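> only the shape, not the letters, is given here:
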């Protein structure tokens, strides 16, 4: 179990450090990375972490995914809290380092709704539901399908960040949002970046089981 927890902490650290770091540096460098570039960074770092630590811990690097995996029967209940605490530790460490590197940045890449909170809530919930369905589908089946899991999940995150990012920030991950919020004391609508992704993950599990029943698939 210790090895899995270290892997989750490391993967989440890399996700938050690279993803929110891209946002911070984009702000400081006057938009040189661009919104599209930030979306690509998030997609690529998730893809890399799945390939790097997926065989160790499953590379959840996201409390919403961890909860979804538990509800779907892919993770024992006893592992849920340790996984989430490891993810929080990795995320906080990443945001702490970014605070040290860029002390003048206001929010360290925290997600803040650009429109009405309900818009961001719905976007975050739907995007996380889609992500959860994809994660469940590509994390089972043939070995060849498993080899493409990182690319597939990374692509989904990249696409969702591109279209939903300007409104909600396309977090889909409570730790990705809360780590920079804690280190920058940015609390604007942060509740929705916890509730919406977890709700979306639960919806995703329901959709996944619906697909299993109606397509004759087997969850193995």
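Now that the structure is in, tell me what you want to look at. Quantities reported herein were computed from a predicted structural model and do not represent experimental measurements.
> tell me the centre residue of the chain?
By Cα atoms, centre = their mean, the chain has its centre lying nearest to residue 173, at 3.9 Å.
> how about it, phi and psi?
phi -160, psi 110 (degrees, to the nearest 10).
> skipping adjacent residues, who's closest to it in space?
Distances taken as Cβ to Cβ, 6 or more residues apart in numbering place residue 62 nearest to residue 173, at 4.3 Å, with adjacent residues excluded. Placement of C-beta: from N, CA and C, glycine included.
> again, but for residue 177
residue 193 (3.6 Å).
> please name every helix or strand in contact with the helix or strand containing the one you found.
Residue 193 belongs to helix 192-215 when assigned by DSSP states H and E. Helices and strands touching helix 192-215, by 3 or more Cβ pairs under 8 Å, 6 or more residues apart in numbering; DSSP states H and E, are helix 63-71, helix 117-138, helix 174-184.
> helix or strand: which one has residue 25?
helix 2-28.
> what does the average pLDDT come to for that helix?
Mean pLDDT, helix 2-28: 97.
> and that helix with helix 63-71, angle?
On the basis of axes from the mean of the first three to the mean of the last three Cα atoms, to 10 degrees, helix 2-28 is oriented at 150 degrees to helix 63-71.
> confidence-wise, which helix or strand of this protein is lowest on average?
In the chain, no helix or strand scores lower on mean pLDDT, DSSP states H and E than helix 143-147, which sits at a mean of 52.
> buried residues in the next helix or strand along the chain from it?
Sequence order places helix 149-168 as the next helix or strand after helix 143-147, per DSSP H and E. With burial defined by 16 or more other Cβ atoms under 10 Å, the residues of helix 149-168 counted as buried are 149-150, 152-158, 160-162, 164-165, 167-168.
> kindly report the same for stretch 28-48.
33, 38, 39, 40, 41, 42, 43, 44, 45, 46, 47, 48.
> who's in contact with that stretch?
By Cβ atoms under 8 Å, 6 or more residues apart in numbering, the residues outside stretch 28-48 that reach it are 14-15, 18-19, 22-23, 25-26, 61, 102, 105, 150-151, 153-159, 161-162, 165-166, 170.
> run through the protein and note the low-pLDDT ranges.
141-147, 214-220 (pLDDT under 70).
> again, only using 50
Residue ranges of the chain with pLDDT under 50: 143-144, 220.
> need the helices and strands packed on helix 192-215 in CSV (columns: mean neighbour count).
CSV is the format used below for those (neighbours: other Cβ atoms under 10 Å):
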stretch, mean neighbour count
helix 63-71, 25
helix 117-138, 22
helix 174-184, 25
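> closest to residue 55 out of these?
Closest to residue 55 of the helices and strands packed on helix 192-215 is helix 117-138 (Cβ to Cβ; 14.3 Å).
> which elements pack onto that closest one?
Secondary-structure packing of helix 117-138 (3+ Cβ pairs under 8 Å, 6+ apart): helix 63-71, helix 149-168, helix 192-215.
> now for the first one, which elements pack on it?
Going back to what we said before, that points to helix 63-71. Judged by 3+ Cβ pairs under 8 Å, 6+ apart, helix 63-71 is in contact with helix 77-101, helix 117-138, helix 174-184, helix 192-215.
> mind checking which of those is nearest residue 54?
Of the helices and strands packed on helix 63-71, nearest to residue 54 by Cβ to Cβ is helix 117-138, at 10.5 Å.
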